[in-house]
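**Q** Below are the sequence and a predicted model; questions follow.
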Amino acid sequence: MSTLIKPFRALRPDNSDALSVIAPPYDVISREEALDIAKNKPSNFLHISRPEIDFPLNVDPYSQEIYEKGKENLYKLIDDSILRQTDKPSFYVYSMRSDRHEQTGLAAVASVEAYENNKIRKHELTKPLKENDRVKNIKSLMAQTGPVLCSYKSDKRLKIIFESIKNSLPIIEVEDTYNVLHKIWKVDEENKIKEISSFFNLMECIYIADGHHRSAAASRVSKDGEIKNILSNFFLTVSFPHDELRIIDYNRIVKDLNHHTSDQLIDKISKSFIIEKIGKARKPTKKNTFGMYIENQWYLLSIKDELIPNDPVNKLDVSILQNYLLGPLLGIDDPRTNLRIDFVGGNRGLKELIRRVDNGENKIAFALYPTSMDDLMSVADKGLLMPPKSTWFEPKLADGLLTHIFS
């Protein structure tokens, strides 16, 4: 039986220090937001995942001194016993509660070999700059910090195991900046470890939901052989059943109308979409529909039925919008690199789309219906790639509560 995941000796805070350490994922906030969150909080994990916040703004965030500062900050927390390493390799049951939503998964380290053999399946391309940043971060820290959010096809037997473990007191219970409650239970009993391992290691695969740059960076570090430590052949993951993960909308805004007037653009859009003028902001309530905001007016767009493709990538709403509107009409050739388009997570609401159009920064905004986990798994199973910014997962895993250190 090949190894997909295994227990690990986590570096973590005690519950009494968790609030001072917990931080958002490094890549979902701006430098300014990171500065604000970590202000007057020397133990906040952003000093490790985003150490540029300890430097003036004119310092290159990718310079080697930045990464060395992150290492210094990590080992100071270790020296001060704010972060301590567990003696025995363990699994961790990890739950997140936000509003009325709760999801429970397993924190473990996953095999880079399994990642390379497509037992840990990808659905996105990575950006070289972001990937290089995490490679330097891992090498300087001799640790892999931010957990990769993964998913597996739901199994009732695992849910029963996790719920039984949750009947005991968690080792960590802390609320983050966004009012998400994080709870973690340690699993170090040999029989439980064997039972959980057998379930996961017999799975056909697990899926990367969020964290492609972290996992790709871990793979590169493992392959380059510079870190001669077997622990670098594994990377930190938290895996949730697919029916508990929540994907919310990931919306688009565009800086200009590509030399069209609004009337000209709407006329061209009507060739592929049924257009309905609506009185107020409204999120799409089903697939193949889109909200559009332009010149203080909201519209509901519905792609014409005969234009909906059958293949798993092109039938996605993000693909339909790109292929029938953003590309041919607004000239957004590659949304991964085109500087005229930006992306807004649905957690910021439609008000953020309105604000960023009404202030003149952009000319048009689009609200999308969320991609489903079934769509994501279908794409990954066929070895295909989803368009950029197809998914926004909420709630987000926290940084700092569990770290995979190579010692």
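**A** That came through fine.

**Q** low-confidence ranges in this protein?
**A** For the chain, the stretches flagged by pLDDT under 70 are 1-2.

**Q** Please name every helix or strand in contact with the strand ranked longest in the chain.
**A** Longest strand of the chain, by residue count under DSSP state E: strand 101-111. Helices and strands touching strand 101-111, by 3 or more Cβ pairs under 8 Å, 6 or more residues apart in numbering; DSSP states H and E, are strand 5-6, strand 91-98, strand 148-152, helix 156-165, helix 190-201, strand 234-241. Heads up, the C-betas are built off the backbone N, CA and C, glycines and all.

**Q** Kindly compare burial across the ones you listed and name the winner.
**A** strand 234-241 (a mean of 26; mean count of other Cβ atoms under 10 Å).

**Q** got TSV for the helices and strands packed on strand 101-111, with distance to residue 375 too?
**A** Shown next, in TSV, are the helices and strands packed on strand 101-111 (distance: least, Cβ to Cβ, whole Å):
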stretch	distance to residue 375
strand 5-6	25
strand 91-98	22
strand 148-152	13
helix 156-165	23
helix 190-201	23
strand 234-241	17
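
**Q** Can you identify each of the helices in this structure by residue range?
**A** Secondary structure of the chain by DSSP state H: the helices cover 15-21, 31-38, 46-49, 64-79, 112-116, 128-141, 156-165, 190-201, 212-224, 262-269, 317-321, 349-358, 373-381.

**Q** Would you mind putting those into TSV with distance to residue 365 alongside?
**A** Shown next, in TSV, are these (distance: least, Cβ to Cβ, whole Å):
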stretch	distance to residue 365
helix 15-21	36
helix 31-38	21
helix 46-49	30
helix 64-79	34
helix 112-116	36
helix 128-141	25
helix 156-165	39
helix 190-201	41
helix 212-224	26
helix 262-269	13
helix 317-321	12
helix 349-358	4
helix 373-381	23
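
**Q** Which among the ones you listed is found nearest to residue 239?
**A** Proximity to residue 239, assessed across the helices of the chain by Cβ to Cβ, is greatest for helix 190-201 (7.6 Å).

**Q** still on that earlier bit, mind checking which of the helices and strands packed on strand 101-111 is nearest residue 298?
**A** strand 91-98 (27.3 Å).

**Q** List the contacts of that closest one.
**A** Strand 91-98 is contacted from outside by 7, 10, 102-108, 162, 165-166, 178-188, 192-193, 196, 238, 394-395, 397, 402, using Cβ atoms under 8 Å, 6 or more residues apart in numbering.

**Q** Same question for stretch 354-361.
**A** Residues from elsewhere that reach stretch 354-361, judged by Cβ under 8 Å, 6+ apart: 253, 255, 281, 293, 294, 296, 342, 344, 362, 363, 364, 365.

**Q** so which of those residues is the most crowded?
**A** residue 365 (25 neighbours; other Cβ atoms under 10 Å).

**Q** check contacts around that one.
**A** Contact partners of residue 365, counting by Cβ under 8 Å, 6+ apart, are 251, 252, 253, 254, 292, 293, 294, 344, 353, 354, 356, 357.
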